[in-house]
Every structure is written in structure tokens, then in C-alpha cells.
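*Asks:* sequence below, structure please.
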Amino acid sequence: MLRRAAVLGVVLAGLLAGSAHAELSAEALPVNRPVTTPMVRSLETVAASYWGRWGVLPPPGAEVFLGSFTQLGGQIAVAELGGHRIWMNGNLAAARWAPEGPEEARALLCSVYIHERGHNAGLLDNDGYPIMEYGRANFTPSICREWATTH
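*Replies:* Residues are numbered from 1 along each chain as shown. As a prediction, this is how the structure comes out:
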């Protein structure tokens, strides 16, 4: 288990190196320097492909902030509804996904990213899209599984 936690830490570090909830105000979250790495850019490509199939267009120019945000209160991620910012709670994600193994952890990271980009497009949880169904944490689109094998 310690090995899996370390592997997931590497996956999240790769995000650095290489779910929106209306009650949380985006203004309450820090907006330092967003993460701009090849991994984030590749996740954006996957998200654009996923949402394009549904005719949903998240706003361009996603900004991803990765850190340990106490303001998220136990959530792995939140997004600015109708905006372009996403905050991911890296420490919490690592703790929850550690048992999954590296490839599955990357697939889950991709799923969360696509979900949050849906919020950026103005969608709410349970808006009728499989990835937006709150409580379907085990739903991982095939496009994320494919992405995970190469990243």
C-alpha cells in the first residue's frame, strides 16, 4: 500500500511537473500560479474530445491549481461553474486513490478532470451526463483508460 501511495504521488507530481459545488465560492480559493504542464495539456485534449462527443464546449483556457486546499472540505476537486478554473486537492486524491495502482489512479485523475471541465461548461452534478452523475465515482470513461495507459 505504501508503494501504491508513492506511485500515486508520482502521478500527481507529474501533473505538477509535466467537482464544482455552488455553495463554494471561487473567490474563497487561492489563485496563485496555475499548473501548466504537458500532462495538464493532454488532459485538456482528452476533456475536449469527451465533451465534444456530447456537443458540450467548456470554455477554453482551463487553469488548474493543485495543492492542499482546506477550503475544499474533503472534496478531491472543485471547479468554477461556468468559468475556467479547477482546484484539485492533491493530498486527498493521493490518499483516496492509492489502493488503485498507477494506471487506475491516472484514469481516475482523468475522470475527475473531465467532470470538473463539465462544471466549467456550466453543468451541474446529475445533469444527465454519465460523468456528471454525482456518486458515480467508479465511472471511468474509456477515453480515460486509454489516456492512462500512455501517461
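*Asks:* for Gly118, grab the count of nearby residues.
*Replies:* Neighbour count for Gly118, taken as other Cβ atoms under 10 Å: 26. Where you see a C-beta, it was placed from the backbone N, CA and C, and this is true even at glycine.
*Asks:* how about Asp127, phi and psi?
*Replies:* phi -90, psi 10 (degrees, to the nearest 10).
*Asks:* count the neighbours of it for me.
*Replies:* 15.
*Asks:* and what of Gly74?
*Replies:* 7.
*Asks:* state the pLDDT value of it.
*Replies:* For Gly74, the pLDDT comes out at 77.
*Asks:* that one looks like it's in a helix, true?
*Replies:* No. Counting by DSSP: H, G, I helix; E, B strand; the rest coil, Gly74 falls outside a helix, being coil.
*Asks:* now it: how far from Asn89?
*Replies:* 8 Å (Cβ to Cβ, to the nearest Å).
*Asks:* please apply the same query to Tyr129.
*Replies:* 23 Å.
*Asks:* these two: which has the busier surroundings?
*Replies:* Counted by other Cβ under 10 Å, Tyr129 and Asn89 do not tie: Asn89 has more neighbours, with 23 against 17.
*Asks:* what number of residues lie near the residue lying closest to that one once chain neighbours are set aside?
*Replies:* Counting by Cβ to Cβ, 6 or more residues apart in numbering, Asn89 lies nearest to Leu72, which is 4.8 Å off, once chain neighbours are set aside. Leu72 has 19 neighbours, counted by other Cβ under 10 Å.
*Asks:* which strand residues bridge Asn89?
*Replies:* Beta bridges link Asn89 to Gly67, judged by DSSP bridges.
*Asks:* return the residues in contact with it.
*Replies:* Counting by Cβ atoms under 8 Å, 6 or more residues apart in numbering, Asn89 touches Gly67, Ser68, Phe69, Leu72, Gln75, Ile76, Ala77.
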